[in-house]
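**Q** Below is the sequence, then the predicted model.
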Amino acid sequence: DGGITQSPKYLFRKEGQNVTLSCEQNLNHDAMYWYRQDPGQGLRLIYYSQIVNDFQKGDIAEGYSVSREKKESFPLTVTSAQKNPTAFYLCASTQSGGSFYEQYFGPGTRLTVT
Amino acid sequence: AQSVSQHNHHVILSEAASLELGCNYSYGGTVNLFWYVQYPGQHLQLLLKYFSGDPLVKGIKGFEAEFIKSKFSFNLRKPSVQWSDTAEYFCAVNAHSGTYKYIFGTGTRLKVLA
């Protein structure tokens, strides 16, 4: 089955540690995205990538970093500089041509930092 | 900057009641419009989308939405809700500006009472 895989489903870290969230897709989509979902705030864009080896900051990129070395993979690192990292993180992808296609979402990773 | 407003944050309805969820966006150019739904414990999934043509679009599970360009609105409707429609609903916009960014509203939590 084609889709987006995010792992792990739940992640716990101590404050001050960097943590990397995995996102893999087998849909052959060019564009991939990371969102953060907080209650009452909807989905806020962290980073997105239109093609391999290229990515752009979204609206709340501070304290996060990404890489896009392979088409199917777009890992997100939550660094210790992120002031409020506890949240639900969603990865998404869309076909090339960007604006004319809907996004497909993964199941999400819930990160808790204490 | 582009933005999407969903004015109804929480809606409670009885089964068989009619539903209308508001969505307004701010962007003066051509847009693509989406409604996504997140059922409890499930992935975000597409309900319906508007790219061009007939401004009244029909989606899955009996949902429909009407694009009113003059009002910058894309309201979601369903004539008769079911208990299984209990979910969070997100409106999203993608502008024809050469960007692959999608802007999401803050979401509406719908609870349908059996």
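**A** Received the coordinates, thanks. Residues are numbered from 1 along each chain as shown, chains lettered A, B, ... in the order given.
**Q** hey, let's count contacts and neighbours off CA atoms from now on
**A** Will do.
**Q** show me the contacts for B:A92.
**A** B:A92 makes contact with B:4, B:33-36, B:102-105 under the criterion C-alpha atoms under 8 Å, 6 or more residues apart in numbering or on different chains.
**Q** Could you pull out the strands in the chain for me?
**A** No chain was given, so I picked chain A. With strands called from DSSP state E, chain A shows them at A:4-7, A:10-13, A:19-25, A:31-38, A:42-51, A:54-57, A:64-66, A:76-78, A:87-94, A:104-105, A:109-113.
**Q** I was thinking of chain B, sorry if that wasn't clear
**A** According to DSSP E, chain B carries its strands in the segments B:3-5, B:10-14, B:19-21, B:24-26, B:31-38, B:44-50, B:56-58, B:64-68, B:73-78, B:87-95, B:103-104, B:108-113.
**Q** Might you name the residue of chain A sitting closest to chain B?
**A** Per C-alpha to the nearest C-alpha, A:G42 is where chain A lies closest to chain B, at 3.7 Å.
**Q** Just confirm that residue contacts B:I103, I think it does.
**A** No - counting by C-alpha atoms under 8 Å, A:G42 sits too far from B:I103 to count as a contact (9.7 Å).
**Q** got the residues of chain B near chain A?
**A** Taking C-alpha under 8 Å from any C-alpha of the partner chain as the test, the list of chain B residues beside chain A reads B:9, B:32, B:34, B:42-46, B:49, B:51, B:90, B:94-96, B:98-101, B:103-107.
**Q** of those, buried ones?
**A** B:32, B:34, B:43-46, B:49, B:51, B:90, B:94-96, B:100-101, B:103-107 (16 or more other C-alpha atoms under 10 Å in any protein chain shown).
**Q** So A:R36 sits against A:D59, correct?
**A** No - in this structure, A:R36 sits apart from A:D59 without contact. The criterion is C-alpha under 8 Å, and the distance is 10.4 Å.
**Q** Where does pLDDT dip in chain A?
**A** Low-confidence segments of chain A (pLDDT under 70): A:1, A:96-100.
**Q** what does it put close to chain B?
**A** Residues of chain A lying near chain B by C-alpha under 8 Å from any C-alpha: A:31, A:40-45, A:48, A:50, A:98-100, A:102-108.
**Q** Mind doing that once more with 10 Å?
**A** Applying C-alpha under 10 Å from any C-alpha of the partner chain, one finds that chain A approaches chain B through A:31-33, A:37-45, A:47-50, A:56, A:58-59, A:90, A:92, A:94, A:96-108.
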